[in-house]
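> Any chance you can model this:
(4 chains)
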Protein chains: 2
Amino acid sequence: MARPKPDRTALLDAMADHVLVHGLNTASLRPLAQAAETSDRMLIYHFGSKEGLVGELLGHLAARMAAGLASALPAARAVTVAGAVGEVVDLMRTSAFQPYARVWLDIVSAAGQGGQVQRAAGQQVIDGFLDFITGRLPEDTPAPEETARLALTLIEGVMVMDAIGHRDTADRAIAALAPQASRGD
Amino acid sequence: MARPKPDRTALLDAMADHVLVHGLNTASLRPLAQAAETSDRMLIYHFGSKEGLVGELLGHLAARMAAGLASALPAARAVTVAGAVGEVVDLMRTSAFQPYARVWLDIVSAAGQGGQVQRAAGQQVIDGFLDFITGRLPEDTPAPEETARLALTLIEGVMVMDAIGHRDTADRAIAALAPQASRGD
DNA sequence: CAAATAATGTAGCAACCGCTACGTAACATG
DNA sequence: CATGTTACGTAGCGGTTGCTACATTATTTG
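Got it, this is the predicted structure:
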């Protein structure tokens, strides 16, 4: 009868909290189970395998972050492309979103090593992010699709710079974008 | 005194090759030792601890990549900022440099989780890269320091996009940077 | 040559990893 | 009440982790 998921989302929520604090790539079943107040045995029971668990967990995290983004920064168009980038960067540096940024870099790293689950989840995150950013660009932006991709790629770079402690390099990069993108006003 | 370190660089070279293929964050002592034709025991003997080993290994990798960059793409100024970015991106997508890109994302991920060694090595890499890029910008680039930071941050974003399979997003981002400089790359 | 010192090998510890075999409840249905 | 299905705990397997105590060999030095 197929009542397969009684409280899987509760489990996923608890495990997501754990992963946001302790990282994704170093997470193992027993600590995850402890965070969710279960046993490793039950996690395998519910999700089939660790890979399955990680897959669902990534989807859950992506959904939570997307929802958090939308509610933290309601749709509004920026004056400048660089302004839109700055707004999103400032948000991602918030204590509420910094954990997501760290997990995001974990996902990217694992995807780069060939992790299929992480690659799929990463593409999903990027697609959602592209939509989010497109809606925040100035109304009259030419080639909004390409510009959104430029903005997002730059934001990814900022997250890399922040992670290794080159935040000022990121800030100066955004500043350097301003004169270039304001052409055509 | 006598002979404290006979062939550490040979060990580091062999381990670097292994890491470039199999990743950094998942590397453990015994496979590393096998790659260097020693034992885990000897690695600890030479480097004191795994953390010490990783530290020296990262320094070695950074030096190797910097040397490879300089020799693969001898100093020459590009016509456009976007052109300079494209040249470096094309190089990093080469089969010779893609492994470095993957390890780089490993470093970033670990640094984001608080890895001091990775953070230090990462800053070193960024500084070298900034110099490299600054020398490749068009001669008359205004604010070259800031522009180099913009270019590098964008390149980091491209590496993220590539890792999760959004290479076309990266390409379109670079294209969006171009429009105001003279066309014809 | 002998003693001291450095370099390397052997064997293993204690902890952790993902995962599974197995036993036991709870519960719905005949 | 019997039976079958689902939910969950216990115990542990085989493997890997970083690291170490100890023994042995090689090299230098008095």
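
> From here on, just use CA atoms for contacts and neighbour counts.
Will do.

> Return the distance of the top helix by length along chain A from the chain's centre.
Identified as the longest helix of chain A according to DSSP state H is helix A:50-72. Using CA atoms, centre = their mean, to the nearest Å, the distance from the centre of helix A:50-72 to the centre of the chain it belongs to is 8 Å.

> Report the angle between the next helix or strand after it and helix A:50-72.
Remark: after helix A:50-72, the chain's next helix or strand is helix A:81-92, criterion DSSP states H and E. Between helix A:81-92 and helix A:50-72, the angle comes out at 120 degrees (axes from the mean of the first three to the mean of the last three CA atoms, to 10 degrees).

> Is chain B within reach of helix A:81-92?
No. Using CA under 8 Å from any CA of the partner chain, helix A:81-92 stays clear of chain B, coming no nearer than 11.5 Å.

> Flag every buried residue along that helix.
Neighbour counts using 16 or more other CA atoms under 10 Å in any protein chain shown place A:81, A:82, A:83, A:84, A:85, A:86, A:88, A:89, A:91, A:92 of helix A:81-92 among the buried residues.

> Count residues in the vicinity of residue A:44, would you?
16 (other CA atoms under 10 Å in any protein chain shown).

> ok, residues contacting the strand or helix carrying residue A:45?
According to DSSP H and E, residue A:45 maps onto helix A:40-47. Outside helix A:40-47, the residues that touch it by CA atoms under 8 Å, 6 or more residues apart in numbering or on different chains are A:8, A:29, A:30, A:32, A:33, A:49, A:50, A:53.

> tell me the contacts of the last one?
What that stands for is residue A:53. Applying CA under 8 Å, 6+ apart, the residues contacting residue A:53 are A:43, A:44, A:47.

> swap in residue A:173?
B:146, B:147, B:148, B:149, B:150, B:151, B:153.

> any idea how far the nearest residue to the fifth one once chain neighbours are set aside lies from DNA strand D?
In this structure, residue B:150 finds its nearest non-sequential neighbour in residue A:173, 3.9 Å apart by CA to CA, 6 or more residues apart in numbering or on different chains. Here the distance between residue A:173 and DNA strand D works out to 36 Å (CA to the nearest atom of the strand, to the nearest Å).

> Can I get whatever helix or strand residue A:173 lives in in CSV? Just the C-alpha atoms.
Element membership of residue A:173, judged by DSSP H and E, is helix A:167-181. Extracted in CSV, the C-alpha atoms of helix A:167-181 (Å, rounded to 0.1, in the frame of the first residue of the first chain):
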residue,chain,number,x,y,z
ARG,A,167,36.6,38.8,0.0
ASP,A,168,38.2,42.1,-1.0
THR,A,169,39.1,40.7,-4.4
ALA,A,170,35.5,39.8,-4.9
ASP,A,171,34.4,43.3,-3.8
ARG,A,172,36.8,45.0,-6.2
ALA,A,173,35.7,42.7,-9.0
ILE,A,174,32.1,43.8,-8.5
ALA,A,175,33.2,47.4,-8.4
ALA,A,176,35.0,46.9,-11.7
LEU,A,177,31.9,45.5,-13.3
ALA,A,178,29.9,48.7,-12.7
PRO,A,179,31.5,50.9,-15.4
GLN,A,180,31.4,48.2,-18.0
ALA,A,181,27.8,47.2,-17.5
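
> Number of residues surrounding the residue in chain A positioned nearest to DNA strand C?
Using CA to the nearest atom of the strand, the closest approach of chain A to DNA strand C is made by residue A:28 at 3.0 Å. Neighbourhood size, residue A:28 [other CA under 10 Å]: 12.

> ditto for the one 10 residues further on
The number of residues packed around residue A:38, counting by other CA under 10 Å, is 14.

> Can you report phi and psi for it?
phi -140, psi -160 (degrees, to the nearest 10).

> Reformat the contacts of residue A:53 as CSV; add pLDDT.
Below are those laid out as CSV (pLDDT from 0 to 100):
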residue, pLDDT
A:43, 91
A:44, 90
A:47, 90
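
> before we move on, back to that, which of the contacts of helix A:40-47 sit farthest apart?
Farthest-apart pair in the contacts of helix A:40-47 is A:8 and A:30; separation 16.8 Å (CA to CA).

> ok, back up a step: which of the contacts of helix A:40-47 has the weakest pLDDT?
Least confident of the contacts of helix A:40-47 in the model: residue A:8, at 83.

> I'd like the distance between that residue and residue A:75.
Counting by CA to CA, to the nearest Å, the separation of residue A:8 from residue A:75 is 31 Å.

> Same question for residue A:67.
According to CA to CA, residue A:67 stands 12 Å off from residue A:75.

> for residue A:129, same thing?
Counting by CA to CA, the gap from residue A:129 to residue A:75 is 13 Å.

> more neighbours, these two?
residue A:129 (17 against 13).

> just checking, what packs against the host helix or strand of that one?
Residue A:129 is part of helix A:116-134, with elements assigned from DSSP H and E. Helix A:116-134 sits against helix A:50-72, helix A:98-112, helix A:144-163, with contacts defined as 3 or more CA pairs under 8 Å, 6 or more residues apart in numbering or on different chains; DSSP states H and E.

> Give me the residue ranges of chain A where confidence is low.
A:1-6, A:180-185 (pLDDT under 70).

> 90 - rerun?
Scanning chain A with the threshold set as pLDDT under 90 gives A:1-11, A:30, A:37-41, A:45-46, A:48, A:70, A:74-76, A:178-185.

> Thank you, goodbye.
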